[in-house]
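Peer 1: The following comprises the amino acid sequence and a computationally predicted model.
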Amino acid sequence: MAEELDFINNNNTDEEDRLSSLPDSLLIEILSLLPFKSATATSALSRRWVPLWTHLPHLIIGGFDDPLHTTSAERFFTTVNHILSQLISPQNHTFYLHYYHPISDALEFQLCSALFTSWVPLICARNAVKFEVCLDSLEFCGHSIILPTCVFQTPSLVHLKLRGSFHCKLPETGIVNLPNLKKLSLCGVNFDTLGLTTLFKCCPLLENLFLELNLMEDEVIEISAHNLKYLSIHLLGSSTASRFMIDVPLLEEIAVHDSGAFYNFVKKPCMLRKACIEWPFRYREGNDYLVQILELFRGISSVRSIHLLNSFPILYIIQHIDGNIWSLFHNLTDLRLGVPNERMNWGTSIPSALLPKLKRIRISGIDGDRNDVRSLKYVLSNADVLEHLNLFFVFDSNNSPEQRLWEEYKFCRYLFRLSRSSQSCKIEFNGCHIHTFTNGSQRVLGHSQINWLKSSMWLDSEEDHE
């Protein structure tokens, strides 16, 4: 037994010696693969390891899984300041800072704001590649943190994300130096529209743009980015007639979450693969509202796949104002819709000009009532080349699990007996308890699966009946 222990100890010593014999550069590279907290903890191993973490090129602090997330803002920012003061790496490749707790004291806000603005020039001077800061609740009585302009003069940046109450402006010279920026995300920041227009034009390699803007007055924003592949616009605020002038010829995906802006495409993007449109329906006087919807849909008419959230009011409006617009959608083969809460014969709202050429349809929010049955019957009878109909069932929370299972079973049994124009169509049903599909023939049932959930849920239900 003693010999075995000696052998194990000798092995441990050898392993420790081998690790310690590695050069600092390799050890630092290994540490950079660890979570930042784990990497700093290695300083307790021996004197040799004490300074190694200060050479790390990645600083990632915050997030819900970080213990600092639950601390006060003052402690969080002073801790980050202490860490930054010890870093000696010539490059801060990644600066990732997330903090979500609100500030209720003016002095605390001033301290945190002062510390943050002192870090930014240091990070930028060390050739940051990824700069991501999310300070959602870091404001006090409407005051914002003034973002140092050096962020927009850091040529090494490839990814820039700002989320929170930041006051952003371009350098006084008006010169933006972001030749390598590919991904830009601005959420909730205060940025004048002229500055935004200039910023987009000065990023020649920009491929991914995410905007969440709080526009209180009607503005004009130009988005000119000739290499842009993905564009997302989430418009908040009281503005009802802001205008986006969009020049993005290589755009492949677009997402618009909006109810109050005009979208003018300088040139229709011919490579558009996917569009996700959420246009909260509001009754408004005048024709501007209708013009806004039609302009947007004309601009994206080359799309191949479209996902419409809050969709059926939009389809209804377009169909009755200018139903011919759907004839422009020559490439559209994939349609995703959500059934409205108010039950209706939603199938007839799907444009008749689209149904004969759709290959994939996904419908969410059905509950199996008569309107759903009539709508699905209409769709299956008119979709001549349909290859896949994917249905997502919602359940009545007032019913027991047994009742929900029985309702899903009855609906599936009726659904798969419906006649269909496309004999090769696969119908897939996704319920709370049942997942099943048919391949082509109405008489051939594919794989079926019943989720019985946890037995405790069924027991609770039985007790409720008693």
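Peer 2: The structure has been received and is ready for your questions.
Peer 1: Now do the SS call for Glu222.
Peer 2: In terms of secondary structure, Glu222 is strand; the call rests on DSSP: H, G, I helix; E, B strand; the rest coil.
Peer 1: Let me see the contact set for it.
Peer 2: Taking C-beta atoms under 8 Å, 6 or more residues apart in numbering as the contact definition, Glu222 lies against Thr197, Phe200, Lys201, Phe244, Met245, Asp247. To be clear about C-beta, it is placed using only N, CA and C from the backbone, and glycine gets the same treatment.
Peer 1: Ok, Arg420 next?
Peer 2: Arg420 makes contact with Leu380, Ser381, Ala383, Leu386, Ile427, Gln442, according to C-beta under 8 Å, 6+ apart.
Peer 1: Tell me, domain by domain, which residues of this structure belong where.
Peer 2: 19-55, 57-169, 333-466 (automatic domain parsing).
Peer 1: For the last one, what is the distance to the chain centroid?
Peer 2: Distance, stretch centre to chain centre, for domain 333-466: 27 Å (C-alpha atoms, centre = their mean, to the nearest Å).
Peer 1: rounded to a whole number, what's the mean pLDDT of that domain?
Peer 2: Averaging pLDDT along domain 333-466 gives 79.
Peer 1: same question, the first one
Peer 2: The average pLDDT within domain 19-55 is 79.
Peer 1: can you confirm Phe429 is in a helix?
Peer 2: No: Phe429: not assigned to a helix; according to three-state DSSP it is strand.
Peer 1: That one bridge partners, please.
Peer 2: Taking DSSP bridges as the rule, Phe429 bridges to Leu391, Thr436.
Peer 1: In contact with it: list those residues for me.
Peer 2: When contacts are counted by C-beta under 8 Å, 6+ apart, Phe429 touches Leu391, Phe393, Glu408, Phe411, Cys412, Leu415, His435, Thr436, Phe437.
Peer 1: swap in Pro249?
Peer 2: Applying C-beta under 8 Å, 6+ apart, one finds that Pro249 lies in contact with His226, Lys267, Pro269, Cys270.
Peer 1: per-residue pLDDT, the second one?
Peer 2: Think Lys267. pLDDT for Lys267: 91.
Peer 1: Equivalent analysis for the one 5 residues further on, please.
Peer 2: The per-residue pLDDT reported for Leu272 equals 97.
Peer 1: For Phe210, see how far away it is.
Peer 2: The spacing between Leu272 and Phe210, counted by C-beta to C-beta, to the nearest Å, is 17 Å.
Peer 1: so how far is Pro102 from Cys150?
Peer 2: 28 Å.
Peer 1: re earlier: which single one of the contacts of Phe429 is nearest to Leu33?
Peer 2: Among those, His435 lies closest to Leu33 (C-beta to C-beta), at 38.6 Å.
Peer 1: I'd like the distance between the closest one and Arg360.
Peer 2: Taking C-beta to C-beta as the measure, His435 and Arg360 are separated by 18 Å.
Peer 1: Next: Asn310.
Peer 2: If you measure Asn310 against Arg360 using C-beta to C-beta, the figure is 21 Å.
Peer 1: what are the ranges of the helices in this structure?
Peer 2: Along the chain, the stretches classed as helices by DSSP state H are 2-20, 24-31, 36-41, 73-86, 106-125, 193-201, 288-299, 311-322, 370-382, 401-415, 455-465.
Peer 1: what's the spacing between the longest one and its chain's center?
Peer 2: The chain centroid and the centroid of helix 106-125 are separated by 28 Å under C-alpha atoms, centre = their mean.
Peer 1: Let's test this: mean pLDDT of it, rounded?
Peer 2: Taken as a whole, helix 106-125 carries a mean pLDDT of 90.
Peer 1: picking that back up, of Leu272 and Phe210, who's got more company?
Peer 2: For Leu272 versus Phe210, the count of surrounding residues by other C-beta atoms under 10 Å is larger for Leu272: 23 against 17.
Peer 1: so that one sits right up against Val248, yeah?
Peer 2: No: shown here, Leu272 and Val248 do not form a contact pair, counting by C-beta atoms under 8 Å, at 9.5 Å.
Peer 1: can you list the helices of the chain in TSV and add distance to Asp258 and mean neighbour count?
Peer 2: Supplementary listing: the helices of the chain in TSV, determined by distance: least, C-beta to C-beta, whole Å; neighbours: other C-beta atoms under 10 Å:
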stretch	distance to Asp258	mean neighbour count
helix 2-20	55	10
helix 24-31	45	14
helix 36-41	37	16
helix 73-86	33	16
helix 106-125	31	16
helix 193-201	16	17
helix 288-299	8	18
helix 311-322	12	17
helix 370-382	27	18
helix 401-415	35	17
helix 455-465	40	11
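Peer 1: can you list those in CSV and add distance to Leu236?
Peer 2: Rendered in CSV, the data for those read as follows (distance: least, C-beta to C-beta, whole Å):
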stretch, distance to Leu236
helix 2-20, 52
helix 24-31, 41
helix 36-41, 33
helix 73-86, 24
helix 106-125, 23
helix 193-201, 15
helix 288-299, 16
helix 311-322, 19
helix 370-382, 33
helix 401-415, 37
helix 455-465, 39
